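Undergrad: Have a look at this fold, sequence not included:
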């Protein structure tokens, strides 16, 4: 009995030690990412496709639903990586015979190559891929129904510029959908996102999920209000 108690005690110490090391590493990683933001390394692309991610934070289809994507939309996806969301996004906007489309803006050529492979394997043809920096977005103004961001904003050094660029390319009434998940070392809380969106001239349009775990926050570009002529 004493031997069993000793073994259980040491097991508890071991588990506590490993947990402590994991927490310490997470803190170090998150602080480092805050000081040096940047895109997820290509060799970690497989993490974006992990089945565990879907089980803990929702499937790609569920997140697309939370964002409010509907058939016929023209969607700008920034930072698509290997295309975990792009394929279901492209299918959703083309559902019901609609002619919706997805434009992907990705910085890393290696990610673009993986994205093209994913689209080719699934025979997706309504996706345009652009290589570029989200901070230097130069797409036509008021040309998208939605800008779709999933675990991206913490990777961008000048995130306020990103939000202003997103607001510019949205049509009046268009939606900026921001999804954040706590497993991402660049995770940002809803209050941080809200401040950026409001500063870019967007309006709150709802939040789905749990702020400390995983959520999708939606922000709407105000519709153009025609000026009224005063008569005397």
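TA: Happy to help now that I have it. All values reported here derive from a predicted model rather than from experimental measurement. Residues are numbered from 1 along each chain as shown.
Undergrad: Can you give me the end-to-end span of stretch 129-136?
TA: When the termini of stretch 129-136 are compared using Cα to Cα, to the nearest Å, they are 16 Å apart.
Undergrad: Can you give me the buried ones in it?
TA: For stretch 129-136, burial by neighbour count (16 or more other Cβ atoms under 10 Å) applies to 129, 134. Using the backbone N, CA and C atoms, a C-beta is placed for each residue, glycine as well.
Undergrad: Domains of this protein: list them as residue ranges, please.
TA: 1-36, 42-220 (automatic domain parsing).
Undergrad: Which other helices and strands does the longest strand along the chain contact?
TA: Longest strand in the chain, counting residues (DSSP state E): strand 170-181. Contacts defined by 3 or more Cβ pairs under 8 Å, 6 or more residues apart in numbering; DSSP states H and E place strand 170-181 against helix 51-57, helix 60-67, strand 144-150, helix 159-169, helix 190-199, strand 214-220.
Undergrad: Check the offset of that strand from the chain's centre.
TA: Mean C-alpha position of strand 170-181 versus that of the full chain (Cα atoms, centre = their mean, to the nearest Å) differs by 10 Å.
Undergrad: how big is the angle separating it from strand 144-150?
TA: 10 degrees (axes from the mean of the first three to the mean of the last three Cα atoms, to 10 degrees).
Undergrad: now the angle between helix 190-199 and strand 170-181, please.
TA: Here strand 170-181 runs at an angle of 170 degrees relative to helix 190-199 (the same axes, to 10 degrees).
Undergrad: Nearest to residue 135 among the helices and strands packed on strand 170-181 would be which one?
TA: Residue 135 lies closest, by Cβ to Cβ, to one member of these: helix 159-169, at 5.1 Å.
Undergrad: just to revisit the earlier point, and the helices and strands packed on strand 170-181, which one's lowest on average pLDDT?
TA: When these are compared by mean pLDDT, helix 51-57 comes last with a mean of 86.
Undergrad: Poorly predicted segments of this protein, please.
TA: Filtered on pLDDT under 70, the chain yields the residue ranges 1, 4-5, 7-9, 12-13, 16-38, 225-232.
Undergrad: I am finished for the moment; much appreciated.
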